[in-house]
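Give me a 3D structure for the following:
(chains A and B)
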2 protein chains.
Amino acid sequence: MNWEAVLLNNPIYIDINIFYVNVLSRKKVMQIGIDSFVELSLDPANRGTVDPAQRVRDLLEEIELADQVGLQVFGIGEHHRPEFVASAPAVILAAAAARTKRIRLASAVSVLSSEDPVRLFQQFATLDLISQGRAEIIVGRGSFIESYPLFGFDLEDYDSLFAEKLDLLLKIRENIHVHWSGKYRPPLTGQGVYPRPGQNPLPIRLGVGGTPHSFARAGMLGLPLTVAIIGGEPRRFRPLIDLYRDAGRQAGHSAETDSPAAKAPTSSRPTGLDVSIHSVGFIGDTTKQAADEFYPPYAQIFGRIGKERGWPPITRAQFDATCRPTGALLVGDPESIAEKILYENEVLGGISRMTILLNGGVIPHKKAMHAIELLGTRVAPMVKNELKFRGEPHHEATEVFSLADH
Amino acid sequence: MNWEAVLLNNPIYIDINIFYVNVLSRKKVMQIGIDSFVELSLDPANRGTVDPAQRVRDLLEEIELADQVGLQVFGIGEHHRPEFVASAPAVILAAAAARTKRIRLASAVSVLSSEDPVRLFQQFATLDLISQGRAEIIVGRGSFIESYPLFGFDLEDYDSLFAEKLDLLLKIRENIHVHWSGKYRPPLTGQGVYPRPGQNPLPIRLGVGGTPHSFARAGMLGLPLTVAIIGGEPRRFRPLIDLYRDAGRQAGHSAETDSPAAKAPTSSRPTGLDVSIHSVGFIGDTTKQAADEFYPPYAQIFGRIGKERGWPPITRAQFDATCRPTGALLVGDPESIAEKILYENEVLGGISRMTILLNGGVIPHKKAMHAIELLGTRVAPMVKNELKFRGEPHHEATEVFSLADH
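Numbers count the residues shown, from 1 in each chain, chains lettered A, B, ... in the order given. Presented below is the predicted three-dimensional model:
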């Protein structure tokens, strides 16, 4: 009997069909999650948390809640600045791993250019063992530059540092005993790198901003991509994402993402072409309330960054414009956030994941918790139901097993 | 009224007296704990765990139990070998921090010579925030040498690497913005190192083996000391410990350890002269059973290490000799372990902490759990009661607050 034909053509088997599409054929699924830099308020008048120990306590509650409401990934970004607690993402994620069951735990990003790939791999392999297979490394060149002088690297080598270290990181993922030599790190002559992770291969994604070369490189390497879209209009990123997909296909990589769990234990091929978006945003009960509550911390953080980078001052008018349906900020009520995620999925040619930076430390903890709850219980179901209605793959592999109980 | 005289002379106030001795005068207290390298069995026939994910699950249960039975410190040692999972101690300790309440969490040791002091400090400062002030760094030159070629350092610089990196680590502990230059690491010209820990100063201990220079250095720097005594007779370490104490006193350091919590927030002076012992051992219901159960995994691990180092083969006779009352191995029933801890405290001139490496991964998890339970519920109370009887300080500062409930 041709089970495939039976399953695909019989409406009674719609759920099993989804099982087939998502698990048996291992298509991409849309994941929704949160990112954090573990922000501190440097200005207590601005209502944010100023004590780093309190901020870490709050953060762990936020990750725990994200797990409980079914969000699928939590990312922690590496920074070396007084207003961000997270300079050692794997350490924070390990604490989160011990308090969560299903949520994936990622760096977002690890500044690979100024890091030792051996140490980075060891930390995330350890996290992977602790979390029973939920670790991911997202590597980038970094949007901030403090880590370069701190670890003795030259900003003039910004890209060649990244290329060389990425090469080594991928080699370590592929081999226990590594033979490698390069310009920026002592050679390896067969030394073993331990421990080995539970997932094989350990997922490694490339985090990029707006540099075309970064998109092309990720495609050529067949690595999954995370694009930071923190301003302007997301649809403008489509040509860059197309560049990634074209470069990937030309290099012979598949557009389908395999579930890492499905890999043979000794396999180490890339996890496939796949586009994830990192956004800035905040979810409230109403769109007006969300915007009013989010603007002050947004203006505080982006105003400070903008000053350093020579951006024009933040204005409420510009903020409101970027909150509109085609703008980059995911600020609003659950319905408008769901619509914007679906819109980005549409205009960017399909995305596998959307994560939102809530600026949690500067936003009061209670409000961050409420936003996480809304994202998990309201936004995510709307997005998944709409994708299901459209017949696009939307289920998590782990959710599928509940079908057996129906 | 002279409260001091009243308290010290009135037998009714014996508990308050202990409060006075231990908290008000901030004398040393004896802590008892466990160390682990997160050992794996490379030989499944030897009954040990071979799956690193399972081993990490078991380890976290062991640390949780150690906390529950009142043990005061759990140390994780950095290694870069297939049979030890722990190459990134801070990541494992962060998971443990999320599952425990009171136990202190230490590296035992961090191989500082091949590590970047900035990253090390960042990781343990983060752990300190996660654990709400329970982190400690124990730094050493390393007993194994794999980390040197792995991170591109020359074994010929074994000691100068350590000296230079310790200097930097202490500077980072003292200053947010660091000005420093050395031979083995790019200079710092005022860069900030974040996050800052909750404890100030973050406890940093020196882990040493049998090298006289290491004892003298720790004393001169006024840093607390952890001595690894894994073979022979502990009393033979007395001259080295005296060297440490003499060097410390000559350099003007106090022999009393202040509780880190008692420090003014901006203070960063050393935490004082203080001797802790790291031992190898196993606790069973009877001494014979403990020895019979511990010998095979002991012979497996030390046999393998000995082969690499050219030691004579391990024999049961030699093992049994080292288990005797004056030998280094803490193998036996609770009474004999308590006696040996008191004996070492006596012959070494007072120790503040005893930690035992159970070789947990090679010992079956169930037996490791039982040993931890015996150490916390039987051995530790015997040691503390005996010290109390002798009038020596023995209470934990945190325990003292329970006096208010009496």
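
how about the strands in the stretch 301-406 of chain A?
Here the stretch 301-406 of chain A has its strands, by DSSP state E, counting those that start in this stretch, at A:330-332, A:353-357.

mind listing what A:E146 touches?
A:H79, A:H80, A:R81, B:Q191, B:G192 (C-beta atoms under 8 Å, 6 or more residues apart in numbering or on different chains). Heads up, the C-betas are built off the backbone N, CA and C, glycines and all.

A:L155 too?
Neighbouring residues of A:L155 by C-beta under 8 Å, 6+ apart: A:I145, A:Y148.

check contacts around the residue nearest to A:L273 when sequence neighbours are not counted.
Spatially, and ignoring its direct neighbours in sequence, A:L273 is nearest to A:G248 (4.3 Å; C-beta to C-beta, 6 or more residues apart in numbering or on different chains). By C-beta under 8 Å, 6+ apart, the contact set of A:G248 is A:A218, A:G219, A:M220, A:G222, A:A255, A:L273.

okay but the third one is in contact with A:A251, surely?
Just to be clear, that refers to A:M220. Yes: with contacts counted by C-beta atoms under 8 Å, A:M220 reaches A:A251, the gap being 4.7 Å.

strand partners of the single longest strand found in chain A, parallel vs antiparallel please.
With residue count as the measure and DSSP state E as the assignment, chain A has strand A:275-283 as its longest strand. Within its sheet, and counting by DSSP bridges, strand A:275-283 is paired with strand A:225-228 (parallel), strand A:330-332 (parallel), strand A:353-357 (parallel).

Nearest residue to A:P203 in space, please, no chain neighbours.
Leaving aside its chain neighbours, A:P203 sits nearest to A:E136 (4.3 Å; criterion: C-beta to C-beta, 6+ apart).

What residues does the one you found make contact with?
For A:E136, the set of contacting residues under the criterion of C-beta under 8 Å, 6+ apart consists of A:V73, A:R104, A:L105, A:A106, A:S107, A:F124, A:L202, A:P203, A:I204, A:R205.

that's a strand at the last one, yeah?
Yes: judged by DSSP: H, G, I helix; E, B strand; the rest coil, A:R205 forms part of a strand.

rewinding a little: what's the closest of the contacts of A:E136 to chain B?
When these are ranked by distance to chain B (C-beta to the nearest C-beta), A:F124 comes first, at 8.5 Å.

Can you tell me the SS state at the closest one?
Judged by three-state DSSP, the three-state class of A:F124 is helix.

One more: A:I34?
Of the three states, A:I34 takes strand according to three-state DSSP.

What residues does it make contact with?
A:62-63, A:66, A:71, A:73-75, A:355-358, A:372, A:375 are the contacts of A:I34 under C-beta under 8 Å, 6+ apart.

So which of these sit within helices?
Secondary structure defined by DSSP state H assigns A:E62, A:I63, A:A66, A:I372 of the contacts of A:I34 to helices.

so which of these is the most crowded?
In terms of neighbours by other C-beta atoms under 10 Å in any protein chain shown, these top out with A:I372 at 27 neighbours.

How about the contacts made by A:A95?
Neighbour list for A:A95: A:V56, A:L60, B:A94, B:A95, B:A97, B:A98, B:I130 [criterion: C-beta under 8 Å, 6+ apart].

got a pLDDT number for the fourth one?
What the model reports for B:A95 is a pLDDT of 98.

Then it would be within a helix, right?
Yes: with three-state DSSP as the criterion, B:A95 is located in a helix.

Where does the prediction get shaky in the stretch 201-350 of chain A?
A:255-271 (pLDDT under 70).

same thing but at 90, please
A:254-272, A:297, A:300-306, A:309, A:311-313 (pLDDT under 90).

And the helices in it, which stretches?
Secondary structure of the stretch 201-350 of chain A, counting by DSSP state H, counting those that start in this stretch: helices at A:212-221, A:238-250, A:287-309, A:316-323, A:334-347.

And for the stretch 1-150 of chain A?
A:3-9, A:14-19, A:52-68, A:89-98, A:117-130, A:147-150.

how about TSV for these, with distance to A:G349 added?
Formatted as TSV, the entries for those read as follows, by distance: least, C-beta to C-beta, whole Å:
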stretch	distance to A:G349
helix A:3-9	24
helix A:14-19	22
helix A:52-68	27
helix A:89-98	29
helix A:117-130	29
helix A:147-150	33
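
which stretch in those has the least confidence?
Out of the helices of the stretch 1-150 of chain A, the stretch the model trusts least by mean pLDDT is helix A:14-19, with a mean of 40.

re earlier: turn the helices of the stretch 201-350 of chain A into a markdown table, including distance to B:V29.
As requested, the helices of the stretch 201-350 of chain A are arranged in a markdown table below (distance: least, C-beta to C-beta, whole Å):
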| stretch | distance to B:V29 |
| --- | --- |
| helix A:212-221 | 55 |
| helix A:238-250 | 59 |
| helix A:287-309 | 44 |
| helix A:316-323 | 56 |
| helix A:334-347 | 54 |
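
For B:R119, find the nearest of those.
helix A:287-309 (24.2 Å; C-beta to C-beta).

Show me what counts as buried in that closest one.
Going by neighbour count (16 or more other C-beta atoms under 10 Å in any protein chain shown), the buried part of helix A:287-309 is A:287, A:290-291, A:293-295, A:297-302, A:305.

hmm, back to that, closest to chain B out of the contacts of A:I34?
Out of the contacts of A:I34, the member with the shortest distance to chain B (by C-beta to the nearest C-beta) is A:I63, at 10.1 Å.

For chain B, give me its nearest residue in the stretch 301-406 of chain A.
A:G361 (11.6 Å).

show me what contacts the closest residue to that residue other than its chain neighbours?
In space, not counting the residues next to it along the chain, A:G361 is nearest to A:E39; the distance is 3.4 Å by C-beta to C-beta, 6+ apart. For A:E39, the set of contacting residues under the criterion of C-beta under 8 Å, 6+ apart consists of A:G48, A:R55, A:E83, A:F84, A:V85, A:I301, A:N359, A:G360, A:G361, A:V362.

gap between A:E39 and A:P364?
Summarising the geometry, the distance separating A:E39 from A:P364, computed by C-beta to C-beta, to the nearest Å, is 12 Å.

Next: A:P82.
Relative to A:P364, A:P82 is positioned 20 Å away (criterion: C-beta to C-beta).

which one of these two has more residues nearby?
The residue with more neighbours, out of A:P82 and A:P364, is A:P364; 17 against 14, by other C-beta under 10 Å.

Can you say which of the strands of the stretch 301-406 of chain A is packed in most?
Stretch with highest mean neighbour count among the strands of the stretch 301-406 of chain A: strand A:330-332 (a mean of 29; mean count of other C-beta atoms under 10 Å in any protein chain shown).

I'd like the distance from that strand to the chain centre, please.
The chain centroid and the centroid of strand A:330-332 are separated by 18 Å under C-alpha atoms, centre = their mean, to the nearest Å.
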